[in-house]
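In: Sequence first, then the predicted structure:
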Amino acid sequence: MNDTQGYGPRLRVLWIWYKQEIILLFREPMAVFFSLAFPLVIYLFIGVPYAEEIIPHTQVKFIDMMFPSLIGTVSANLLIMGLPTYIAELRSRQVDKRYRVLPLSGISFGIAIVLAMLTLTTLASSIIIIVVQLQHGVRAEFFSLQFVILYACFISFLCGLGFCLGTLRLGQRTVNVLTATIFFVLFFGSGAAAPLEALPSIIQKILEWNPLKIWFEALVDAYTSTPISIAIFWKIIFMIIVSVVFTIVGTRNWSRTD
């Protein structure tokens, strides 16, 4: 059988697994609720009080500076914490080993898991987008090619990182602690929750290489029609390369259990 003949059955298998993973994800209502509620809490307590204020020396409202970080936080929450935790849970139940007896590709199973989590990510992001659109309006730059490409690269980075973390040879509880630590360090170190100017200068220099800070700054620039600096541009290129490395490592780890 050539590749063309096998393409259709592979897609059907992927679709079946994808639907199964969606059903399993939504059987965890508390996890889904937390994923959807977390960014809304940030919006209510940080965004709402200052939303319409103009940032000094600019013509940009506070909500416009915050909006890309909000949807970015939704994605990071689900793909840095949710995706690895879910993969680790499947591994702890030896689901991956049970699939070995099936004459099906484990890669398709892995892709289905990532796609299911991306579906939940899209749903959570849509809630934020709708709320901001109804309350303040979303800028036209949200639909610009630059913003869309940047956000797609950002999601790819998160998927690579999350998948790599989930496939590490660690226990489920260890993965839970590790991913929660990584997410909250990256989140609070990005400046999305509070300004970083009060931190010691050495810490600020280290945080300049915080992946979330780099992506959030680039997304905010694209969303507010601000030219992206050369330094941020090259950091984005570096993050893309790192995401490829994460994906390769995660795929190799996953194949070892296939």
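Out: All right, it came through fine. Residues are numbered from 1 along each chain as shown.

In: okay, CA-based contacts and neighbour counts for the rest of this
Out: Will do.

In: Spell out the residue ranges of the helices in the stretch 51-200 of the chain.
Out: 62-76, 83-92, 95-98, 106-135, 145-166, 172-188 (DSSP state H, counting those that start in this stretch).

In: I'd like the ones you listed written out as a markdown table, with mean neighbour count and distance to residue 230 added.
Out: Shown next, in a markdown table, are the helices of the stretch 51-200 of the chain (neighbours: other Cα atoms under 10 Å; distance: least, Cα to Cα, whole Å):
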| stretch | mean neighbour count | distance to residue 230 |
| --- | --- | --- |
| helix 62-76 | 24 | 20 |
| helix 83-92 | 22 | 32 |
| helix 95-98 | 14 | 44 |
| helix 106-135 | 18 | 29 |
| helix 145-166 | 21 | 15 |
| helix 172-188 | 17 | 22 |
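
In: Now the weakest link among those, please, by mean pLDDT.
Out: Mean pLDDT is lowest for helix 95-98 out of those, coming in at a mean of 63.

In: Dump the helices of the stretch 51-200 of the chain to JSON lines, plus distance to residue 200.
Out: Below are the helices of the stretch 51-200 of the chain laid out as JSON lines (distance: least, Cα to Cα, whole Å):
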{"stretch": "helix 62-76", "distance to residue 200": "23"}
{"stretch": "helix 83-92", "distance to residue 200": "32"}
{"stretch": "helix 95-98", "distance to residue 200": "45"}
{"stretch": "helix 106-135", "distance to residue 200": "33"}
{"stretch": "helix 145-166", "distance to residue 200": "28"}
{"stretch": "helix 172-188", "distance to residue 200": "15"}
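
In: So which of these is nearest residue 233?
Out: helix 145-166 (10.6 Å; Cα to Cα).

In: so which of the helices of the stretch 51-200 of the chain gets nearest residue 218?
Out: Among these, if distance is taken as Cα to Cα, the winner is helix 145-166, at 7.7 Å.

In: and that closest one, what does it pack onto?
Out: helix 62-76, helix 83-92, helix 172-188, helix 211-223, helix 230-256 (3 or more Cα pairs under 8 Å, 6 or more residues apart in numbering; DSSP states H and E).

In: Quick one: closest of the helices of the stretch 51-200 of the chain to residue 209.
Out: helix 172-188 (10.0 Å).

In: Run the angle between the closest one and helix 211-223 for me.
Out: 40 degrees (axes from the mean of the first three to the mean of the last three Cα atoms, to 10 degrees).

In: So what's the predicted local confidence for the nearest residue to residue 124 once chain neighbours are set aside?
Out: Spatial nearest neighbour of residue 124, excluding adjacent residues (Cα to Cα, 6 or more residues apart in numbering): residue 36 at 5.2 Å. Reported pLDDT at residue 36 in the predicted model: 72.

In: For residue 135, see how far away residue 36 is.
Out: 18 Å (Cα to Cα, to the nearest Å).

In: Also residue 240?
Out: 34 Å.

In: Equivalent analysis for residue 144, please.
Out: Taking Cα to Cα, one finds residue 144 at 21 Å from residue 135.

In: swap in residue 176?
Out: 35 Å.
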